[in-house]
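Novice: Next input, structure requested:
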Amino acid sequence: MSTTSYDDRRPAWLTLAAIFMFAVCFVRIMTAINYFQGGDQISDLTNSMFGNNLWVWGVWDLFLAAFGLGAGISLLSGGGFGRLLGYIWAVWVIVQSFLIIRWAPWFSVSMMALASLVIYGLGTTSGWRREDI
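Specialist: Modelled structure (predicted):
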């Protein structure tokens, strides 16, 4: 009779954190495209931190999306570097959400909630490391 060890399986919270990063990455790519087109259908940020330069918000969102994509891929592949990137990414999303909460409150609150869940997922699984077999 053989016993199977499941210790090498990735925790569900870590997988969920990566999925949230991918979801927010997709949303940020859509908002970046919208900002590059000069549209304000998502939110009117003309009086925000970057002023009337919506292209800057587009670049900001693309960097945030790329950062989240890299962190999510690294987390799913078992890399420890993705955990650090995930923490930085989540804090970055929360800070940006506070910057735009006046102009897009529902978007900001939902992004803060997802980033908080990512931080929780990363924090509760901090002891897990992928073992190369």
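
Novice: where's Gly72 relative to Arg102, distance?
Specialist: 29 Å (CB to CB, to the nearest Å). C-beta coordinates here come from the backbone N, C-alpha and C atoms, glycine included.

Novice: More neighbours: these two, which one.
Specialist: Using other CB atoms under 10 Å, the more surrounded residue of Gly72 and Arg102 is Gly72, with 25 against 12.

Novice: Assess the claim that the more buried one and Ala18 are in contact.
Specialist: Yes - with contacts counted by CB atoms under 8 Å, Gly72 reaches Ala18, the gap being 4.2 Å.

Novice: Longest helix of this structure, counting residues only.
Specialist: When the chain is parsed with DSSP state H, its longest helix is helix 12-36.

Novice: and Arg102, helix, strand or coil?
Specialist: What DSSP: H, G, I helix; E, B strand; the rest coil gives for Arg102 is coil.

Novice: Phi and psi next, for it.
Specialist: With angles defined as degrees, to the nearest 10, Arg102 sits at phi -70, psi -30.

Novice: how near is it to Ala115?
Specialist: For Arg102, the distance to Ala115 equals 18 Å [CB to CB].

Novice: now swap in Met21 and tell me
Specialist: For Met21, the distance to Ala115 (CB to CB) stands at 9 Å.

Novice: Which neighbours do these two have in common?
Specialist: The contact sets of Met21 and Ala115 overlap at Trp89 (CB atoms under 8 Å, 6 or more residues apart in numbering).

Novice: Look at the two and report which has more neighbours.
Specialist: Neighbour comparison, Met21 and Ala115: the larger count goes to Met21, with 31 against 25 (by other CB under 10 Å).

Novice: contacting residues for the more buried one?
Specialist: For Met21, the contact set (CB under 8 Å, 6+ apart) comprises 68-69, 71-72, 75, 86, 89, 118.
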